[in-house]
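**Student:** give me a model of this one.
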Amino acid sequence: SNLKDTEWISRQDPYVCLEYASSKFRTRTCTDGGKNPIFQEKFVLTLIEGLRELNVMVWNSNTVSADDFIGSGRIQLYKVLSQGYDDTAWPIQDKCGRYSGEVRLISHYSATHVTPLSLSLSLSLSLSLS
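**Tutor:** Reported below is the predicted structural model:
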């Protein structure tokens, strides 16, 4: 929510990259998403023993120049793994460590149809930038 706006004239076109170990995921670009884009996307991760956080990076897509970095942060997975659900809003920071908005990741976890070595986490993403 309330993402930092990197555009001077038009509305920004944010997208989100998630990293978990060697797995990388990218949302579609939310054209004219501005400071409060919403991404209705789902990603499924295979959990790795002992790795309990996701890295998130938010970018503004540009057509002519390089994409602008809006912010990054870490999303802890402890709550979703212990309670089965988490919809916490996680803060993101710009390159200087200043608050630049938050990412609300709605995550669900169920170990019903999985072996102990291959746990899956299902994620839906919505975003607000300052």
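
**Student:** residues in contact with K24?
**Tutor:** K24 sits next to 17-18 when contact means C-beta atoms under 8 Å, 6 or more residues apart in numbering. Heads up, the C-betas are built off the backbone N, CA and C, glycines and all.

**Student:** partners of it in the sheet?
**Tutor:** Following DSSP bridges, K24 is listed with bridge partners E19.

**Student:** poorly predicted segments of the protein, please.
**Tutor:** Across the chain, the ranges flagged by pLDDT under 70 are 1-10, 112-130.

**Student:** residue nearest the centroid of it?
**Tutor:** In the chain, the residue lying closest to the centroid (C-alpha atoms, centre = their mean) is V56, at 4.7 Å.

**Student:** need the three-state assignment for that one.
**Tutor:** What DSSP: H, G, I helix; E, B strand; the rest coil gives for V56 is strand.

**Student:** how close does it get to T63?
**Tutor:** V56 sits 24 Å away from T63, going by C-beta to C-beta, to the nearest Å.

**Student:** surely K79 and D86 touch.
**Tutor:** Yes - K79 is in contact with D86 according to C-beta atoms under 8 Å; the separation is 4.4 Å.

**Student:** which one of the two is surrounded by more residues?
**Tutor:** Each of K79 and D86 has its neighbours counted (other C-beta atoms under 10 Å); D86 has more, 22 against 14.

**Student:** now for the more buried one: which residues touch it?
**Tutor:** Taking C-beta under 8 Å, 6+ apart as the test, what D86 contacts is 77, 79-80, 105-107.

**Student:** having no further points to raise, I will conclude here.
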